[in-house]
Each structure stands twice: as C-alpha cells, then as structure tokens.
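**Q** A structural model of the following input is requested.
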Amino acid sequence: MEKSRTTAFEFSGGGSSGKGPPMTRTRIAMISLFVLFSVLTSVVAGADAAAENNRVLHVGKFSDADPADGIPSDWEPLTFEKIDAHTDYRLVDDKGTAVIRAESDASASGLIRKVRIDPRKYPVIQWRWRATGVYEKGDVTQKSGDDYPARVYIAFEYDPDKVGFFERAKFKAARMLHGEYPPTGALTYIWASNAPEGKIVSSAFTDRVSMIVVETGKEKTDTWVSESRNILADYRKAFGEEDPPMIRAIAIMTDSDNTGESTVSYYGDIVMKAAE
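**A** So this is what the prediction gives:
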C-alpha cells in the first residue's frame, strides 16, 4: 500500500515547540511555504538570481556582501508557527570572506531565497558549509531526532500531475486561503549526526520531503566542505519520478528544537550551474 502523504504545507522543519521533542500532532509546514510564496512572482531564473553568465546563477552570493549591512535583502527569515526560539543568522567575516553564521540553541528557523529556476537548465547546485558539531540525539528516522547542524532545501512548485485527486482538492483549498499553491515537495541535503553518507530517507514527518545525507558525523566538523549535487539525479532517486517541477525556493536551516541541543554552523556561497 502506498504510504499516506500529508499535504505539501506540512513539510518537516522545526518542532511544535522550542523545547525538547515535538508534540504528537503533525507539525505545520517546513517553513509555512505557502505563506512565504504568496507574494512570489513568476519570473525567469536569470532575472531572479544574479547571473555570472548563462551557465551560472548566483543564488546566495554572500561573499560579495558587507557583514555590516546584515543578511542580504533577497534572503528572508523562515520561521515556524508556535516556535518562539529562533536560530540566529547573521553575516560575518571568515578570514576575509563574508559567510552566514547560524547559531541554534534548542531553536528552529531558517533563511529562504524565493527564486524560480528550471532544474533542467540548471541541474547542479554547489555550496560550501562548515559545521562545528553534531547532535548526540540526532536521528534521521525519529521525530525526536529530526535536527541537523546544517541543511539546504530545494523546494519545488505545485504540479497537479504529481498529486492524487483528493490531494488536488487540498492544494486548491490552500490556494484559496493563501492566494498561491503550496509547493509539491522538497529535496533536502543534510549534514547528519550519525546516518550513513549517501542515505536517502523521507522526513520523519512527511514523505513530501526527501533528505539526502551529504555529510555525517564529526570527522569533517570545523572544516569548510565544498559540495556539488545534481538535483535531477537526486530527485529521481529520492522520489522515483522522472523530472521535478520548477524550483520555487532555496533555503538553509540549522535547527535543534527537537533534540534540545545547540550548535553553530556556517554557510558559504550557493550557486546553480548548467550541466557540463
């Protein structure tokens, strides 16, 4: 029997409170995406992200920013209903390069960049990140361990062909309430505490969010690590579908609300590239 899916606005994210494990009820949206997307305009990728040329899109060019000016204006806070403790994000200087510093203390929130990108034209995402520690209670299979020192979300826009008849009604209801369809799902690249590298697992809260373990454990902590992933290939493996819908947003998140632990992580520039 096919696993029952929650609606697209019940994505995994922070817990139902800022302290300890979440309540037993399903948590609301990974990011309340349907609210944040309500003002998203339909623009082409090149106009939405700074382009170096027609092969590279700068989604998060933090290195060009001035730490004194704060978080770049095209990135905005990503908070959760009923979670008062938010992760602290700020732009800092790291040996001459501006990066995002995320400090989480039994908290959950993220930063989101609303973009519309065709993953068939720009299938490769590259970024740098540095985790200073992992969580003792972190567990990708349990709601109580659903925290990660660092993760990068790729959210995909609503596609009626990828949902069933009854789910379409739910999506239409959400659109009537919020003026915009919620996304169909999300692919998440995580730095896990102890799961094996390469593991693909559905979120403990919804199988509309598929997580891929890119880094794991303490071995590479306190070191800048560069990543490069092919979104098309990862989506096909994670969801068993041929191609994803258009990318609707990219987000970063460091959270520890379920484990109740704390950590500091850093994020460098994020770029999208055309296939080689």
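**Q** centre of the chain versus the longest strand anywhere in the chain, how much separation?
**A** Counting residues, the longest strand found in the chain (DSSP state E) is strand 262-273. Strand 262-273 has its C-alpha centroid displaced from the chain centroid by 11 Å (C-alpha atoms, centre = their mean, to the nearest Å).
**Q** got the buried residues for it?
**A** Residues of strand 262-273 classed as buried by neighbour count (16 or more other C-beta atoms under 10 Å): 263-273. (Each C-beta comes from the backbone N, C-alpha and C, glycine too.)
**Q** what packs against it?
**A** Strand 262-273 sits against strand 56-60, strand 97-105, strand 124-131, strand 150-156, strand 247-253, with contacts defined as 3 or more C-beta pairs under 8 Å, 6 or more residues apart in numbering; DSSP states H and E.
**Q** With only the CA atoms kept, save that strand in CSV.
**A** C-alpha atoms of strand 262-273 as CSV (Å, rounded to 0.1, in the frame of the first residue of the first chain):
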residue,chain,number,x,y,z
SER,A,262,23.0,23.6,20.5
THR,A,263,25.5,24.2,17.7
VAL,A,264,27.0,26.8,15.4
SER,A,265,27.3,26.3,11.6
TYR,A,266,28.4,28.4,8.6
TYR,A,267,27.2,28.7,5.0
GLY,A,268,29.2,30.0,2.1
ASP,A,269,28.1,31.0,-1.4
ILE,A,270,25.3,28.9,-3.2
VAL,A,271,25.3,28.7,-7.0
MET,A,272,23.3,26.9,-9.6
LYS,A,273,25.0,25.7,-12.8
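**Q** Next, the angle from that strand to strand 56-60.
**A** Comparing the axes of strand 262-273 and strand 56-60 via axes from the mean of the first three to the mean of the last three C-alpha atoms, to 10 degrees yields an angle of 160 degrees.
**Q** residues near the closest residue to D88 other than its chain neighbours, how many?
**A** With sequence-adjacent residues excluded and distances taken as C-beta to C-beta, 6 or more residues apart in numbering, D88 is closest to E103, at 4.5 Å. Using other C-beta atoms under 10 Å, E103 is surrounded by 16 other residues.
**Q** so how far is K273 from E103?
**A** Distance of E103 to K273, computed by C-beta to C-beta, to the nearest Å: 30 Å.
**Q** got the contact list for Y266?
**A** Neighbour list for Y266: 92, 94, 99-102, 129-130, 224 [criterion: C-beta atoms under 8 Å, 6 or more residues apart in numbering].
**Q** Among these, which one sits closest to F239?
**A** F239 has its nearest neighbour among these in W129, at 23.7 Å by C-beta to C-beta.
**Q** Report the spatially closest residue to E136, excluding sequence-adjacent ones.
**A** Distances taken as C-beta to C-beta, 6+ apart put E261 closest to E136, at 6.8 Å, once the chain neighbours are dropped.
**Q** likewise W127?
**A** I270 (4.4 Å).
**Q** Is the one you found in contact with G60, as I believe?
**A** Yes: counting by C-beta atoms under 8 Å, G60 is a contact partner of I270 at 3.7 Å.
**Q** okay, and the common contacts of the two?
**A** Common neighbours of I270 and G60 are listed as 127, 250, 252 (criterion: C-beta under 8 Å, 6+ apart).
**Q** Lowest-confidence one in these?
**A** Lowest pLDDT of the shared contacts of I270 and G60: I250, 95.
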